[in-house]
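Participant: This is a predicted model, with the sequence first.
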Amino acid sequence: MGLLEGKKAVILGAASAGNMGQVTARLFAAEGAEVLVAGRKEGPLSELASEIGGHYALCDITDHSQVHALAKTAADKMGRVDAAINCTGWGLLANLLETTQEQLDQICALQFKGVHHFLQAFVQQMKDQSPQGGSLISLSSATTKALINNHAAYIGTKTAGEAMIRCVANDFGQYGIKANTVSPAFTESPMTSESFQVPGLVDAFMPKYPLGRLNTSEDVAEACAWLCSDRAFVTGQNIQPNGGLTLRGNPQAVDIESAVGAAMAKAQED
């Protein structure tokens, strides 16, 4: 039997090819879960649902009514919800003094209010179903523990999400509901694809990982699968499947500028 045999799971934020939500959905299905994937793009969701033998639904996490409708749809299609994972996010890289009101509103809607919508909808579902209980995960970021420059709005909203998860774990554990956050570090994904093309940027990060490599989306998915399994007696925690980055901290702007400059100089010489 798989680690998640018989579980009913919802994965929100799985509408971009190869993103963490899609990688997690594939792993959950492989481990025996029935999976409903959700997001804002019907084509990729439909294809993924067909591939893994699951379901899909359209949902914008910033819309309160859509998130609550998602929880109902999932319960209607699968009978219950044993696991709900929020993989949405926006890697806003902006200097505090240059962050616009539009950017701030957008990231708060996604990474603060959206997380609240998600938790409210699925806590209610897990509390109301019989038997009660389930596992909630919202993806956070290693940057809440290992600061990086020009990320104030991003780090602030991700930190708020971690705080809400801890509150849910404390308030609703009595109903068998687990709630945790999982924190990737600098991960190759659709959201970071342009960054990975910058010469020398990865070189600036590599020495910061005691285990010698960047984490992958698969590392993150494995952590989520374990937390959603019956083997994990864990709640209210922030799990860091990122190879020890928080022990050394992210590179700062001066480190990144130096590594990128060195790579570009070498490229010119070659």
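Facilitator: Nice, thanks for sending it over.
Participant: any chance you could map the helices in the stretch 101-250 of the chain?
Facilitator: 101-108, 114-128, 152-172, 201-205, 217-228, 245-248 (DSSP state H, counting those that start in this stretch).
Participant: So for Thr62, which of these sits nearest?
Facilitator: helix 114-128 (5.1 Å; C-beta to C-beta). From N, CA and C alone the C-beta is placed, and that goes for glycine too.
Participant: List the residues that contact the most centrally placed residue in the chain.
Facilitator: The geometric centre of the chain, computed from its C-alpha atoms, lies nearest to Leu139 (C-alpha atoms, centre = their mean), at 2.8 Å. Under the criterion of C-beta atoms under 8 Å, 6 or more residues apart in numbering, the neighbours of Leu139 are 13, 20, 85-89, 181-184, 220.
Participant: Please flag which of those residues sit within strands.
Facilitator: Judged by DSSP state E, the subset of those located in strands is 85-86, 181-182.
Participant: closest to Leu27 among the residues you listed?
Facilitator: Ile85 (10.9 Å).
Participant: For the ones in strands among the contacts of Leu139, give me TSV that also has neighbour count, distance to Glu31 and pLDDT.
Facilitator: Output for the ones in strands among the contacts of Leu139, formatted as TSV (neighbours: other C-beta atoms under 10 Å; distance: C-beta to C-beta, whole Å; pLDDT from 0 to 100):
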residue	neighbour count	distance to Glu31	pLDDT
Ile85	30	13	98
Asn86	28	19	98
Thr181	28	21	98
Val182	27	16	98
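Participant: for the record, mean pLDDT for stretch 153-173?
Facilitator: The average pLDDT within stretch 153-173 is 98.
Participant: and that stretch, how far from the chain's centre?
Facilitator: Distance, stretch centre to chain centre, for stretch 153-173: 13 Å (C-alpha atoms, centre = their mean, to the nearest Å).
Participant: Which positions within it qualify as buried?
Facilitator: Neighbour-count burial for stretch 153-173 flags 153-162, 164-166, 168-169, 172 (criterion: 16 or more other C-beta atoms under 10 Å).
Participant: again, but for stretch 196-216
Facilitator: So stretch 196-216, judged by 16+ other C-beta under 10 Å, has buried residues 200-205, 208-209, 214-216.
Participant: likewise stretch 121-133?
Facilitator: So, applying 16+ other C-beta under 10 Å, buried residues of stretch 121-133: 121-123, 125-126, 129, 133.
Participant: I'd assumed Val56 was in a strand, is it?
Facilitator: Heads up, residue 56 is Tyr, not Val. Yes: assigned with DSSP: H, G, I helix; E, B strand; the rest coil, Tyr56 falls within a strand.
Participant: do you know how far it is from Thr88?
Facilitator: Computed as C-beta to C-beta, to the nearest Å, the Tyr56 to Thr88 distance reads 15 Å.
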